[in-house]
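In: Provide a 3D model corresponding to the input given below.
(2 chains)
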Amino acid sequence: QKEVEQNSGPLSVPEGAIASLNCTYSDRGSQSFFWYRQYSGKSPELIMSIYSNGDKEDGRFTAQLNKASQYVSLLIRDSQPSDSATYLCAVNNGAAGNKLTFGGGTRVLVKP
Amino acid sequence: NAGVTQTPKFQVLKTGQSMTLQCAQDMNHNSMYWYRQDPGMGLRLIYYSASEGTTDKGEVPNGYNVSRLNKREFSLRLESAAPSQTSVYFCASRVITDTQYFGPGTRLTVL
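Out: Here you go, the predicted structure:
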């Protein structure tokens, strides 16, 4: 069983709508959580980090964390065609080296 | 300030050949990481270096070696390349807040 799970998609959303991405993780000791965006052929870039239960908002992005249920989600409001990318969920379980475990990514397509 | 740089950008090898992927960061980060990315697999950690002078295995270390040459540079070596090592390789470095920043990647094909 993969430690960090994401629906591979594609998640197709119309322009202006809300895209909702989910990620579940298996290690209850996980302490920090990240969402990376990766355009085709490019490297991942950090868009959100979240460390405590609840919501964290940054512009059009909102990350939600529920440690009891072991999931983290990302909402993209007012989706734009430029949001079309693969979104990677990453989890740090606090072990030595501060290693990240990545999910397989969710591909998002925003249609004009 | 270039961030994380990687060379080469592309490489084609024949089975059994060796090569070294270079990574450098100019952000004075202590920790550096090597990942590989295969379609649908996300990123998998090959090796990491928590600080200058230390290296440790990640999830998929077989067939690879690393050298933390100094605080800036962290290289990945394939001693005898195999087709299963065809992948995109990313180097990353980490700030104290545990956010990792990635280099542009190296696309490696092993024939």
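
In: So which residues make contact with the lowest-mean-pLDDT helix or strand in chain A?
Out: Least confident helix or strand, chain A: strand A:100-102 with a mean of 91, by mean pLDDT, DSSP states H and E. Residues from elsewhere that reach strand A:100-102 (C-beta atoms under 8 Å, 6 or more residues apart in numbering or on different chains): A:3-4, A:25, A:27, A:34, A:36, A:88-93, B:33, B:35, B:42-45, B:100. Quick note: C-beta positions are derived from backbone N, CA and C, even for glycine.

In: Quick one: name the residues of chain A near chain B.
Out: In this structure, chain A approaches chain B at residues A:4, A:6, A:8, A:32, A:34, A:42-46, A:49, A:88, A:90, A:92, A:96-105, judged by C-beta under 8 Å from any C-beta of the partner chain.

In: Buried only: go through those for me.
Out: Among the residues of chain A next to chain B, those classed as buried by 16 or more other C-beta atoms under 10 Å in any protein chain shown are A:4, A:6, A:32, A:34, A:43-44, A:49, A:88, A:90, A:92, A:97-105.

In: So which residues of chain B form strands?
Out: In chain B, the segments counted as strands under DSSP state E are B:4-7, B:10-13, B:19-25, B:31-37, B:43-49, B:56-57, B:64-68, B:74-78, B:87-94, B:100-102, B:106-110.

In: Bridged to the residue most central in space within chain B, which residues?
Out: The residue lying closest to the centre of chain B (C-alpha atoms, centre = their mean) is B:Trp34, at 3.1 Å. Note on B:Trp34: beta-bridge partners by DSSP bridges are B:Tyr47, B:Cys91.

In: A:Asn53: which of the strands of chain B is closest?
Out: In terms of C-beta to C-beta, the element of the strands of chain B nearest to A:Asn53 is strand B:100-102, at 22.7 Å.

In: what helices or strands is that closest one leaning on?
Out: For strand B:100-102, the packing partners by 3 or more C-beta pairs under 8 Å, 6 or more residues apart in numbering or on different chains; DSSP states H and E come out as strand A:45-50, strand B:87-94.

In: 10 Å instead, please
Out: strand A:32-38, strand A:45-50, strand B:4-7, strand B:31-37, strand B:87-94 (3 or more C-beta pairs under 10 Å, 6 or more residues apart in numbering or on different chains; DSSP states H and E).

In: Include mean pLDDT when you put those strands into CSV, please.
Out: Output for those, formatted as CSV (pLDDT from 0 to 100):
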stretch, mean pLDDT
strand A:32-38, 95
strand A:45-50, 94
strand B:4-7, 96
strand B:31-37, 96
strand B:87-94, 96
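
In: So which of these is the most surrounded?
Out: Greatest average neighbour count among these goes to strand B:31-37 (a mean of 25), per mean count of other C-beta atoms under 10 Å in any protein chain shown.

In: which residues touch B:Asn65?
Out: B:Thr20, B:Ile46, B:Tyr47, B:Thr55, B:Ser75, B:Leu76, B:Arg77, B:Leu78, B:Glu79 (C-beta atoms under 10 Å, 6 or more residues apart in numbering or on different chains).

In: circling back to that earlier point, out of the helices and strands packed on strand B:100-102, nearest to B:Ala24?
Out: Distances from B:Ala24 to each of those were compared using C-beta to C-beta; the minimum, 5.2 Å, belongs to strand B:4-7.

In: That's all I had, so thanks and see you.
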